[in-house]
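Novice: give me coordinates for this.
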Amino acid sequence: MADHDDNGAAYLTKFGLTDDAVMALNPCLQGISVTNDDVIDIGKGLVNNWSLTSVDLGRCKINEVGAFALAEALYVNHTLKYLGLANNPQIGDTGCKALADALSANQTLEVIDLSYCGIGDYGALALAQCMEEQECVSATKKCGEVRAIQLEGNRISKPGAAALAAALAQSTKLRSLNVAGNRLREAGALALSHGIVDTQSLTHLNVSNNDINPVGCTALIEALDMNNTISAVSLGRNRIGPAVVSLAKVCNTNSCLKDVNIESSCISPDVAQEFAAQLTSPSLLSINLGENKLGNDGVRAICKALKGKCLRYIDLSHVGLTHEGVEHVCELINIAPKLQTLQLDGNNIGPEGIKPLAAALSQSTTIDSFNLGETCIGDAGVAVLTKAVANNHMLRVLDLSDVGMGNEGCIVLCDMLAKMRRVAELDLSNNNVVATAAALRALCSVFTNNADLLQINLAGNPIGDGYDGGLLTLPLAVEACGPNGLPQVEAVAMGRAMEAVSPDPERDTVRGSAHRPNANGLIFRPAWAPAIPPPKVYGDEQQKSIEDEDEELAEDHRKVPLVPEAGSLLHPYYPGYGRGRMANESHATTLDNTIDLTMYQSGCGREQFDYLKPNDTLFNKPIDRPNRVSPYSLQSLETNIGGLPITEEALRRKFNELDVDGNGYLDREEFGAIYSSFQNFGMMCTQQEVETMMMKHRVMDDGRVHFEEFAVIMLALARR
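Specialist: Residues are numbered from 1 along each chain as shown. Here you go, the predicted structure:
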């Protein structure tokens, strides 16, 4: 076993994994370019690796060959829990099928991300059959428990949706399914609704941005009414329209439904008022109504319906709210006792509307995340808001991007924020803050007491032009102020004791040099992440020894692997479910253990983590590899053992061969004859069997068999 372990470690060492205790692999995060040959090596390393639980290979240009290599590793690996393959459009259905077959045998993988991987209906069918097989095997022996599948941004339509619906009806393990940005439309929504009714485990469903019309949306809403497990659903960016009124009735009767996203859903002021009239006793914790033309009348009706309830998050961004309608939001703030996050960006509130809003915020003891971006409040509005939230010690997230703020408003705001201790995210982008000594000093002072604040977004400001990405980070703040500029800020950066007095001794900690963010910018930790314990403060001799060791590592071109913290958004198992552009603790405690955002969906692109320059890595020159024939030849994998085509190319060739007239579909008689020959290997079968198979996969609704439906049937036969 030792030889095997050494062999596996050798394959992974070239990606920076020299420690057996490392649990996460993300080459892109380390700035390492990955090819398909590298993925094959990673697959070989995973075969004998017993420590990695998370592997993210997003944006690595993986095709079917790389997917085959990872699939072989999944057959034998017993530690991996998360596999991220997002943004690899060349994986396609063939690679997806190989991965699905391996998942049927894998016993540990819980989350797989195949977003933007070029997957169509036959890839969805393979995943659906994988879930069905896991249910059958679990009755006799231990098998895998895939709990979350991300399929956003693919090409899944009605046949794939029907296959997934059939799997949902049988699954007792799958908790999260994301099919946003596919091609479901009305037919796919109708097919998927059957699975929603019968599912026993699904808690989170995302079908947004699928061009679903009111008929399809109504079918999904009626299915939600009969479901007793789904707690969060996203129907946004579909053509819901008047069908949203029936959703209000579901919110009243279905106590499980806690989180609803209906942003950009063609909801007019009149429809919003009808929706609010039906919303009598909802148990919603979160609702997203952004980008609907609600107007002041619609906002008034919505706020009145939600007052006094258990609401914790509401998104009213870009809804046409003006200063005349702000009073209705103020009433909601005053009466909603648990409201924590308020999104009002993109509304023309102006200086007139900010005054009553600020008065309501000054009385709130629960709101910790506030978004007023693009509201045209100017310096005067910022000054009013600053006075209102000065006593709100719960404030963690503040977005004042593109509000027309200049240096005057920036200085007043930052002086107030410097006295707080919980601010974790601050966005001041797209304003008119000019680089002056007073403005820079005020911005840097915000880092003094806010231990969770890692950066300030100044992109689009004249003062932000000198920073990478417009991000002012703590090391840059120290460098800008100089050793005599702001000693408190320097103390935070260097790990020395701060002189500021803290009412909470447990939070009166400092951050050492090991905790300093990189000058190129970092991602914020989420609001629910556990507090980081204070680092040790070393003596002069110990610190000198540590610095010498770091210099030796740099000379040897060796770097410690960049492993995300357990509570970070970089980590695939972060404990929470966030909605919209902000997330707060309520979603962590109520909608727990859900994977909604992957590393790349959270914005962790390579451009933000360019820590390692080419000369600092093991990959400053191409890896020399001998010419060899790939063991994953596509020619040998185009057909199964029975001779049936299983790759997209083979299926397309077979379909074109049968489509003699070239009209793009097969009629019922032609397909019946073809199906009989394939199904029974030349033996005749009854018409009833043909009809049963067609009904099972919901094809021939229009009397025609299109390519996607043909592929679904053929892959179903190939697995017999």
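Novice: so for stretch 339-354, mean pLDDT?
Specialist: Computed over stretch 339-354, the mean pLDDT rounds to 93.
Novice: shaky segments in the stretch 451-600 of the chain?
Specialist: Filtered on pLDDT under 70, the stretch 451-600 of the chain yields the residue ranges 481-600.
Novice: quick check: Thr203 touching Ser231?
Specialist: Yes. Thr203 is in contact with Ser231 according to C-beta atoms under 8 Å; the separation is 5.0 Å. From N, CA and C alone the C-beta is placed, and that goes for glycine too.
Novice: give me the element Leu247 is part of.
Specialist: Assigned by DSSP states H and E, Leu247 belongs to helix 244-253.
Novice: contacts for that helix next, please.
Specialist: Under the criterion C-beta atoms under 8 Å, 6 or more residues apart in numbering, residues 217-218, 221-222, 224-225, 235, 240, 257, 260, 262, 265, 267, 271, 274-284 lie in contact with helix 244-253.
Novice: can I get that helix as PDB, trimmed to CA atoms?
Specialist: What follows is helix 244-253, C-alpha atoms only, in PDB (Å, rounded to 0.1, in the frame of the first residue of the first chain):
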ATOM      1  CA  VAL A 244     -47.200  34.600  -9.700                       C
ATOM      2  CA  VAL A 245     -50.500  35.100  -8.000                       C
ATOM      3  CA  SER A 246     -50.900  31.300  -7.500                       C
ATOM      4  CA  LEU A 247     -47.400  31.300  -6.000                       C
ATOM      5  CA  ALA A 248     -48.600  33.500  -3.200                       C
ATOM      6  CA  LYS A 249     -51.300  30.900  -2.300                       C
ATOM      7  CA  VAL A 250     -48.500  28.200  -2.200                       C
ATOM      8  CA  CYS A 251     -46.500  30.400   0.200                       C
ATOM      9  CA  ASN A 252     -49.500  30.600   2.500                       C
ATOM     10  CA  THR A 253     -50.100  26.800   2.600                       C
END
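Novice: average pLDDT for it?
Specialist: On average, helix 244-253 scores 93.
Novice: could you point out which element follows it?
Specialist: Scanning forward in sequence from helix 244-253 by DSSP H and E, the next helix or strand is strand 259-261.
Novice: of the contacts of helix 244-253, grab the buried ones for ChimeraX.
Specialist: In ChimeraX, this line selects whichever of the contacts of helix 244-253 come out buried by 16 or more other C-beta atoms under 10 Å:
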select :217,218,221,222,224,225,235,240,257,260,262,265,267,271,274,275,276,278,279,282,283,284
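Novice: which residues touch Ile267?
Specialist: Counting by C-beta under 8 Å, 6+ apart, Ile267 has contacts 240-241, 244, 275, 289, 292-294, 298.
Novice: show the buried residues in those.
Specialist: By 16+ other C-beta under 10 Å, the contacts of Ile267 give 240-241, 244, 275, 289, 292, 294, 298 as buried.
Novice: now the lengthiest helix in the chain: buried residues?
Specialist: Secondary structure of the chain per DSSP state H: the longest helix is helix 121-138. Neighbour counts over helix 121-138 (16+ other C-beta under 10 Å) mark 121-134 as buried.
Novice: skipping its backbone neighbours, what lies nearest Tyr122 in space?
Specialist: Setting aside the residues directly before and after it, Tyr122 is nearest to Ala711 in space (C-beta to C-beta, 6 or more residues apart in numbering), at 4.2 Å.
Novice: likewise Glu291?
Specialist: Counting by C-beta to C-beta, 6+ apart, the residue nearest Glu291 is Ser264, at 3.9 Å.
Novice: quick revisit: who are the packing partners of the longest helix of the chain?
Specialist: helix 92-105, helix 158-170, helix 707-718 (3 or more C-beta pairs under 8 Å, 6 or more residues apart in numbering; DSSP states H and E).
Novice: lowest average pLDDT across these?
Specialist: Least confidently modelled of the helices and strands packed on helix 121-138 is helix 707-718, at a mean of 75 by mean pLDDT.
Novice: packing partners of it?
Specialist: helix 121-138, helix 158-170, helix 648-658, helix 668-679.
Novice: give me the contact list for the second one.
Specialist: Translated: helix 158-170. So helix 158-170 is contacted by 120-125, 127-129, 131-132, 135, 156, 174, 177, 179, 182, 184-185, 187-189, 191-199, 202, 697-699, 708-709, 711-712 (C-beta under 8 Å, 6+ apart).
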